[in-house]
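Enquirer: What shape does this take:
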Amino acid sequence: MLQFKNDTFKIMQIADTQEGSSVSPDTLDLINAALDRAEPDLVVYSGDQIWGKSAFKGNKDKVERVLSQLTKPVRDRKIPFSVCFGNHDRQVGLSNQEQFDIYKNFDCFIGESEEGIDGVANHVIEIKDGDNLEFLLYLIDSHSNLKIGYDNVHQNQIDWYRKTRDKYEAEYGRLIPSIVIQHIPVCEVFELLTEVKKSTKGAVRGFRTHANQFYVLNPDRVNKTGFMKESPADPQENSGEFAAFKEKGEVLGVYFGHDHNNSFNGKVDGIDLGYTQGAGFHVYGPGRDRGVRIIELKKGGEFETYDLRFKNLVGNKVKEPFRYALFQIMPTNMFDAVSRAIKFFAGLGITAIIILILVFFFG
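Expert: Numbers count the residues shown, from 1 in each chain. Next up is the predicted model:
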């Protein structure tokens, strides 16, 4: 049973460690330092814990070893933890269900998986103060890639959320304040952005359903320390998940990962929507701003949230500087890669023309 301590309950969200067959010591340093600083009561790994078909090739022992290393800092401190799945986890050659079964063998793992609905590890966690139920935490499987873009949370999962919400309301005679964590964002996160011209400082380029549009954070709607260094990669279709969360007003915050270079939060229709930046150092990320999110629940339905960053917890020195530098220049997605390639070859072409002109006139 998860209980409030000293009038608070702290949840730590760790997003996108996205490790291959070897775990970065810098990733582990970040996790260890964040755990020591925050002393959370619950940890949620919110998807893309691991990735890489060639790195794992469906080898269960290798997957178990890496997952064990990633969760060891939490287990060593006897902190309960659970998981969501992202779009990359299943690419290692083991299904999410097979990976869930591995997690179930770890000490301190409290995750469950609702049967009869789509996805793996959909579940709700009760957080109490004595016998009084203070909060519910929903962990939802936001699925994976489609042929084009990303899937959304499915209708039977939304129905499960509604049924669970209403069951608790009937049992306790009141709505229970709730938090949601999942991997892929809801489409409504774009309401925290402002569309701008391409030339605007800090503008990021959208893609797919937001192709050829450019955005910056709306400073009047997001936290002052937030940052956005890549466009949100939301689902191809809006399933109505966020609309369901708004129906009765008990959902106070929805937090996700997925886009490693983003960390910000702000309210949309009374619900706090928040990105948590990537924590992994063996994949692209926001430099030493890699970090984790803390969601600090208060009695009576209040809460606050903030991130903790590597540069403030560990410092500026990394243990794998070459790999760190390499991942800092990696494209964030295929659209970014194509754009960089076009700019590169265009630059080569311009250079070649200049050389030819110089040779023609002065050769």
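Enquirer: Which strands or helices does the helix or strand containing Val44 pack on?
Expert: Assessed by DSSP states H and E, Val44 sits inside strand 42-46. If you count contacts as 3 or more CB pairs under 8 Å, 6 or more residues apart in numbering; DSSP states H and E, strand 42-46 packs onto strand 8-14, helix 60-76, strand 81-84, strand 132-140, strand 178-182. Every residue, glycine included, has its C-beta placed from N, CA and C.
Enquirer: 6 Å instead?
Expert: If contacts are counted by 3 or more CB pairs under 6 Å, 6 or more residues apart in numbering; DSSP states H and E, strand 42-46 sits against strand 8-14, strand 81-84.
Enquirer: Comparing the ones you listed, which comes out most buried?
Expert: strand 81-84 (a mean of 26; mean count of other CB atoms under 10 Å).
Enquirer: The strand holding Val44 pairs with which strands, and in what direction?
Expert: Here strand 42-46 has these sheet partners by DSSP bridges: strand 8-14 (parallel), strand 81-84 (parallel).
Enquirer: circling back to that earlier point, in JSON lines: the helices and strands packed on strand 42-46, plus distance to Leu175.
Expert: JSON lines is the format used below for the helices and strands packed on strand 42-46 (distance: least, CB to CB, whole Å):
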{"stretch": "strand 8-14", "distance to Leu175": "18"}
{"stretch": "strand 81-84", "distance to Leu175": "23"}
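Enquirer: sorry, back to before: which residues are contacting the strand holding Val44?
Expert: Here strand 42-46 makes contact (CB atoms under 6 Å, 6 or more residues apart in numbering) with 11-15, 74, 79-84, 181, 183, 257.
Enquirer: Let's have the helices and strands packed on strand 42-46 in JSON lines, adding mean pLDDT and distance to Glu98.
Expert: Formatted as JSON lines, the helices and strands packed on strand 42-46 follow (pLDDT from 0 to 100; distance: least, CB to CB, whole Å):
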{"stretch": "strand 8-14", "mean pLDDT": "98", "distance to Glu98": "21"}
{"stretch": "strand 81-84", "mean pLDDT": "98", "distance to Glu98": "13"}
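Enquirer: Please give the number of neighbouring residues around Ser142.
Expert: By the criterion of other CB atoms under 10 Å, Ser142 has 29 neighbours.
Enquirer: any idea how far Phe310 is from the closest residue to Gly86 other than its chain neighbours?
Expert: In space, and not counting its chain neighbours, Gly86 is closest to Gly47: 2.8 Å by CB to CB, 6 or more residues apart in numbering. Plainly put, Gly47 is 20 Å away from Phe310 if you go by CB to CB, to the nearest Å.
Enquirer: Of the two, which one has the most company?
Expert: Neighbour totals were compared for Gly47 and Phe310, and Gly47 leads with 30 against 26 (other CB under 10 Å).
Enquirer: quick one, helices of the stretch 51-200 of the chain?
Expert: 53-56, 60-76, 96-103, 155-172 (DSSP state H, counting those that start in this stretch).
Enquirer: Columns distance to His88, mean neighbour count and mean pLDDT on top of the ones you listed, output as TSV?
Expert: Below are these laid out as TSV (distance: least, CB to CB, whole Å; neighbours: other CB atoms under 10 Å; pLDDT from 0 to 100):
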stretch	distance to His88	mean neighbour count	mean pLDDT
helix 53-56	10	15	94
helix 60-76	13	18	98
helix 96-103	11	18	98
helix 155-172	20	16	98
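Enquirer: Ok, which of those comes nearest Ala33?
Expert: helix 60-76 (9.4 Å; CB to CB).
Enquirer: any idea how far Asp289 is from the spatially most central residue of the chain?
Expert: Using CA atoms, centre = their mean, the residue of the chain that lies closest to the mean C-alpha position is Gly257, 1.2 Å off. From Gly257 over to Asp289 the distance is 14 Å, taken as CB to CB.
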